[in-house]
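*Asks:* Task: produce atomic coordinates for the following.
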Amino acid sequence: MDGKDAALLASRLTGQLDSLVDELSKDLSEERCSSILDDIIQATEELSVLQVDNEQSSALTSKIRASGITLWNRAVSLKTQEHTNTHLIARSQTLFRQCMIRKDMRLFGDSVHIHMLLVRHVACNLPFTASREDESKAMIKKQLAMAMKTGRAWLDVHNPTMADTVLELAEECLEKLEQKTPSSSLNQSPEKTGEGSKEYQKNAFRVKCFRAEAALELSDEEHAWIYFQKAKDLLHQLPQEIACLSMLCYNFGVDTFHRKKFDSCASWLRESYELGKGRRDVGPRKQSRTLRLLASSYIEWNPTEHWQKALNAIGLANSELSHPSGLRMKLSILLTAKANDSRISAAFEETIQHPDLDVAMGLTVTELAIQHKRVDLAYSGFRQLSVRFHNSPEFERIRVAHLELLLQQQKAQAARDLLSDVIRDQGSGKLLNVGERKKVHKMLWQQASTACEADQPLEALEWYDTSLRLFTREELDSVNAGKLQRNRASCFISMNDLESAHDAIFEAERTDSTNPITYYLKFKISLLQGDSESAVDAIDKMCNTLAAHQELSLDNNGDDVENNALISLAAQFAFEKSNRHAAEKALESLAQRSRTASQTLTALRCLTRLKLSLLTDQSNSR
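*Replies:* So this is what the prediction gives:
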């Protein structure tokens, strides 16, 4: 293609660019917007390979740059104005919602308009296709600003590949500016550096930081360290950026910690701490936070090998700013390292007595002691927490945790004393919240279950009675109250206290009349009292409730059994008590309800034997 044809094509392409940029500001469909972007990219690529003479090249360069600036301004206005292209907004919001559903925030960030970012990316690249050696510093600075903003935007939506591509263009701009700036002015001390040189140094620093961030997100640790070091080398001229670089290293430490690259994490956090030393704009709070994470990284890395480094780090953290979480971590390290008792006790007391300690942290400290079998420390902690937070709304959490430890350690009498205090306070209106009450009931029922397994019904009954006293007036009419009364009735039956058992099962029937186990227990009590009529009535009610249950639980663990298991048990119990009338009723019900031939046959066989035995007895009596 000769120069004349190239010039005509260049003129047509630049005109096409202007037209496409103008059209992009209109309210277009999503498909059309994407098509325009493709056309702009194609036109840009064609322009970049055209060979034109110097005079035409100058004019072409000006047009391309003008198109790039116009496109950039369009992208900014599309992102900020109220009449932003509705299709692009809808599309970006859809992408954001999808990303939230997948919880994949690494793709799209906080509802960033991806299409607009692509427009900015194209706009940023346009001027570089028409770059010239005689470009003015003003034009290069404008291109640098565009590249830096676009690179930062790509990093914000976690697209390090696109970010690195455009940041390379920013590096080109920096090199051009360096060539156009006397080296002496770039290397002056901060006090003597002019405004132009300061601006260059700040931009160079930011570009290095951005590239380090992109490299780390691409898992390119080597280049991340290279760019970090280049940024660090600029600090002697930009002391005000030290806090920024310290925070960047901390963020890198957090990122690598989450990726479980603990050796790399430790390196970044050490850099962050060293950079922040003595800096007011960093401050002790951030420094202690960095050191606590550093200690955690050592522990996660290899607690056996690096516990001393972790202890040193947490010691520095606590000297920077004493915080309960830091003191708790120190205690954890000492417990893990099996330090001597005096050091562990001192660390525990220092933590539990810290003025900023709250209930939640206090309970984690006592739990830590329990995990490491330092029950003496846990008891001490509970005593101190109970005194300190006696008037706190969270005081009951402390008592419930204390109760759990007492029961685990089989300190039954101490547990009962504590429960007496809780019940007394409940009588004066200081109720446990629902969550804590559920925990206590669960613990008490577990104690009762253990006592039942050990054939100690009286002790089991004591735990159940304690649980009953914790029920509120409203809860006494609940299904759980019915379950509790059934458990109490079982204990009374084991103790042969049939009158009390009858009273308990009466309450169970009142609160949970649809449970077949209630009527099974009522059947047992009636048989033991010699009341065959009540026993048969209980069998009838049990069969009626079983009709509404496909499966049921015989115990608190939720193990399922067949519907007819209770009827079989009732028949067996009637046989054991030689109550033929009740046994006959149970076997008839079993034969009628059974869905398996074998069970039906067994029931009929037993029923036949029972009737034959009855006939034989009647014959003998005659």
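*Asks:* do you know how far the closest residue in space to His502 that isn't next to it in sequence is from Lys483?
*Replies:* Nearest non-adjacent residue to His502, counting by CB to CB, 6 or more residues apart in numbering: Ile525, 5.5 Å away. Placement of C-beta: from N, CA and C, glycine included. Noted for Ile525: a distance of 17 Å to Lys483, by CB to CB, to the nearest Å.
*Asks:* Among these two, which residue is more densely surrounded?
*Replies:* Ile525 (23 against 19; other CB atoms under 10 Å).
*Asks:* ok, the more buried one touching Ala489?
*Replies:* Yes - the pair Ile525 and Ala489 passes the contact test of CB atoms under 8 Å, sitting 7.3 Å apart.
*Asks:* Overlap in contacts, those two.
*Replies:* In terms of CB atoms under 8 Å, 6 or more residues apart in numbering, Ile525 and Ala489 are both contacted by the residues Ala501, Ile505.
*Asks:* Contacts only, for Lys142.
*Replies:* Taking CB under 8 Å, 6+ apart as the criterion, Lys142 is in contact with Ile69, Pro127.
*Asks:* Show me which positions of stretch 300-308 end up buried.
*Replies:* Residues of stretch 300-308 classed as buried by neighbour count (16 or more other CB atoms under 10 Å): Trp301, His306, Trp307.
*Asks:* show me the contacts for the first one.
*Replies:* Applying CB under 8 Å, 6+ apart to Trp301 gives the contacts Phe262, Asp263, Ala266.
*Asks:* Quick check: pLDDT value at it.
*Replies:* pLDDT for Trp301: 94.
*Asks:* swap in the second one?
*Replies:* According to the model's per-residue confidence, His306 sits at a pLDDT of 94.
*Asks:* secondary structure element for it?
*Replies:* When secondary structure is defined by DSSP states H and E, His306 falls within helix 303-320.
*Asks:* name the helices or strands packed onto the helix or strand following that helix?
*Replies:* Sequence-wise, the next helix or strand downstream of helix 303-320 (DSSP H and E) is helix 324-336. For helix 324-336, the helices and strands in contact under the criterion 3 or more CB pairs under 8 Å, 6 or more residues apart in numbering; DSSP states H and E are helix 283-301, helix 303-320, helix 341-352, helix 359-371.
*Asks:* ok, back up a step: any idea whether the residue nearest to His502 is helix, strand or coil?
*Replies:* Recorded secondary structure, Ile525: helix (DSSP: H, G, I helix; E, B strand; the rest coil).
*Asks:* residues contacting it?
*Replies:* The neighbours of Ile525, taking CB under 8 Å, 6+ apart as the test, are Ala489, Ile493, Leu498, Ala501, His502, Ile505.
*Asks:* re earlier: can I get the helices and strands packed on helix 324-336 in TSV including distance to Glu171?
*Replies:* Supplementary listing: those in TSV, determined by distance: least, CB to CB, whole Å:
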stretch	distance to Glu171
helix 283-301	30
helix 303-320	36
helix 341-352	50
helix 359-371	48
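*Asks:* To His223, which of those lies closest?
*Replies:* In terms of CB to CB, the element of these nearest to His223 is helix 283-301, at 21.9 Å.
*Asks:* Tell me how far the closest one lies from the chain's centre.
*Replies:* On the basis of CA atoms, centre = their mean, to the nearest Å, helix 283-301 sits 21 Å off its chain's mean C-alpha point.
*Asks:* Please identify the buried residues of that helix?
*Replies:* Within helix 283-301, the residues that qualify as buried are 286-299, 301, counting by 16+ other CB under 10 Å.
*Asks:* Would you mind getting the angle between it and helix 303-320?
*Replies:* 170 degrees (axes from the mean of the first three to the mean of the last three CA atoms, to 10 degrees).
*Asks:* still on that earlier bit, could you list every helix and strand in contact with the helix holding His306?
*Replies:* On the basis of 3+ CB pairs under 8 Å, 6+ apart, helix 303-320 makes packing contacts with helix 283-301, helix 324-336.
*Asks:* any low-confidence regions in the stretch 451-600 of the chain?
*Replies:* Confidence mapping of the stretch 451-600 of the chain against pLDDT under 70 gives the ranges 548-564, 585-600.
*Asks:* Now do the strands in it.
*Replies:* Assigned by DSSP state E, counting those that start in this stretch, the stretch 451-600 of the chain shows strands spanning 552-553, 560-561.
*Asks:* residue ranges for the helices of the stretch 401-550 of the chain, please.
*Replies:* Ranges of helices in the stretch 401-550 of the chain, per DSSP state H, counting those that start in this stretch, are 412-427, 434-453, 457-469, 479-494, 498-511, 516-528, 532-546.
*Asks:* List just the one of these that sits closest to Ala313.
*Replies:* Counting by CB to CB, and looking across all of the helices of the stretch 401-550 of the chain, nearest comes helix 434-453 at 36.2 Å.
*Asks:* helix/strand/coil for the closest residue in space to Cys249 that isn't next to it in sequence?
*Replies:* The spatial neighbour of Cys249 that comes closest, neighbours along the chain excluded (CB to CB, 6+ apart), is Ser272 at 3.7 Å. Local secondary structure at Ser272 is given as helix here, using three-state DSSP.
*Asks:* mind showing which ranges of the stretch 51-200 of the chain have poor pLDDT?
*Replies:* Counting by pLDDT under 70, the ranges of the stretch 51-200 of the chain that qualify are 51-61, 63-64, 67, 75-115, 129-134, 182-196.
*Asks:* Go again with 50.
*Replies:* Counting by pLDDT under 50, the low-confidence segments of the stretch 51-200 of the chain come to 81-112.
*Asks:* roughly how far is the helix holding His306 from the heart of the chain?
*Replies:* Taking CA atoms, centre = their mean, one finds the center of helix 303-320 at 26 Å from the center of the full chain.
*Asks:* Dump it to CSV, restricted to CA.
*Replies:* Output for helix 303-320, consisting of C-alpha atoms alone and laid out as CSV, is shown next (Å, rounded to 0.1, in the frame of the first residue of the first chain):
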residue,chain,number,x,y,z
PRO,A,303,4.5,-24.9,65.9
THR,A,304,7.2,-27.3,67.0
GLU,A,305,10.0,-25.6,65.1
HIS,A,306,8.9,-22.0,65.3
TRP,A,307,7.2,-21.6,68.6
GLN,A,308,10.0,-19.4,70.0
LYS,A,309,9.8,-17.1,67.0
ALA,A,310,6.1,-16.9,67.6
LEU,A,311,6.6,-16.1,71.2
ASN,A,312,9.1,-13.4,70.4
ALA,A,313,6.7,-11.9,67.8
ILE,A,314,3.7,-11.9,70.3
GLY,A,315,6.0,-10.4,73.0
LEU,A,316,6.8,-7.5,70.6
ALA,A,317,3.1,-7.2,69.8
ASN,A,318,2.1,-6.9,73.4
SER,A,319,4.8,-4.4,74.1
GLU,A,320,3.6,-2.3,71.2
